[in-house]
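A.B. asks: next come a sequence and a model predicted from it.
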Amino acid sequence: MRPEKTDLRREAGRRTRDDLLAATLDLLAQRGQEGVTLREITQNAGANVSAVSYHFGSLKALCDTAVEHALERYLDAQIRELDTLAGDASLSELAEAFARPMVNALVTGGRDLAVMRTVARVGIDPPEGWERLSGKFEEARRQAVRVLIANLPGVDERELAFRTRCAAGLLNWLALAPIGAELAAEPAEQVERMLFPVVAGAFRGAHQ
């Protein structure tokens, strides 16, 4: 087979794989993994069942891969925001950076919100593939704790990490709760005005 034909087949395979992941992510966001069927995924992706077997091996593996990729995009966006914080950043600035990917998803809707909803749905029972992303979880937590230590020097670092996880849980809840749909109808500035102080309060805790 000529090289150009091999390249075309490889590119077509990548497109099919990406289309399957996108269709799976959309359905997962709507219904959760229990409500997703192989037939619906392949129909929405314009692919056949054999393509799922070829690229992923099974429906469960396809769903796990879609969720893993969704989480990775979320973590990458959060880490990029946290990386911009200066050493003397305030708790308010930390809350803005930490929550901005969620705010953007709520306001934009579509695929971005599907990513957030998918991550939130499976967060209570993570697939095995999430272990690959443990470094990114730790990086986001480390960046947040770095700012918290500077602002709350009297609080134990373990407790600061706990507050960071609680803040993350709050944001995940927003993606699924009815209030998230209410916020989606608001302008970005209004969502930020209401949400950022709540996240900052989770970080601050009872510290005076």
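C.D. replies: Good, I have the coordinates.

A.B. asks: what's the closest non-adjacent residue to the most centrally placed residue in the chain?
C.D. replies: Geometric centre of the chain, nearest residue: residue 74, 3.3 Å, by C-alpha atoms, centre = their mean. Counting by C-beta to C-beta, 6 or more residues apart in numbering, the nearest residue to residue 74 once its immediate chain neighbours are dropped is residue 119, at 5.5 Å. Just so you know, the C-beta spots here come from the backbone N, C-alpha and C atoms, and that holds for glycine as well.

A.B. asks: now residue 165
C.D. replies: Closest residue to residue 165 apart from its sequence neighbours, by C-beta to C-beta, 6+ apart: residue 141 at 7.5 Å.

A.B. asks: so the one you found, which state does it fall into?
C.D. replies: Look at residue 141: counting by DSSP: H, G, I helix; E, B strand; the rest coil, its state is helix.

A.B. asks: isn't it right next to residue 166, touching?
C.D. replies: No - applying C-beta atoms under 8 Å as the test, residue 141 and residue 166 come out as separate, 11.7 Å apart.

A.B. asks: more neighbours: which of those two?
C.D. replies: Using other C-beta atoms under 10 Å as the criterion, residue 141 and residue 166 rank with residue 141 on top: 16 against 13.

A.B. asks: and the more buried one, what pLDDT?
C.D. replies: Residue 141 is assigned a pLDDT of 93 by the prediction.

A.B. asks: check which helix or strand the residue nearest to residue 74 maps to.
C.D. replies: Counting by DSSP states H and E, the element that carries residue 119 is helix 110-122.

A.B. asks: contacting residues around the residue nearest to residue 165?
C.D. replies: 161, 164-165 (C-beta atoms under 8 Å, 6 or more residues apart in numbering).

A.B. asks: ok, so of these, who is nearest residue 100?
C.D. replies: Comparing the contacts of residue 141 against residue 100 with C-beta to C-beta places residue 164 closest, at 15.3 Å.

A.B. asks: quick one: list the elements packing against the helix or strand encompassing that closest one.
C.D. replies: Using DSSP H and E, residue 164 maps to helix 157-176. The contact analysis (3 or more C-beta pairs under 8 Å, 6 or more residues apart in numbering; DSSP states H and E) places helix 157-176 against helix 91-108, helix 110-122, helix 134-151, helix 188-204.

A.B. asks: and the helix or strand of the chain with the lowest mean pLDDT, which residues are buried?
C.D. replies: In the chain, no helix or strand scores lower on mean pLDDT, DSSP states H and E than helix 110-122, which sits at a mean of 73. Within helix 110-122, the residues scored as buried using 16 or more other C-beta atoms under 10 Å are 112-122.
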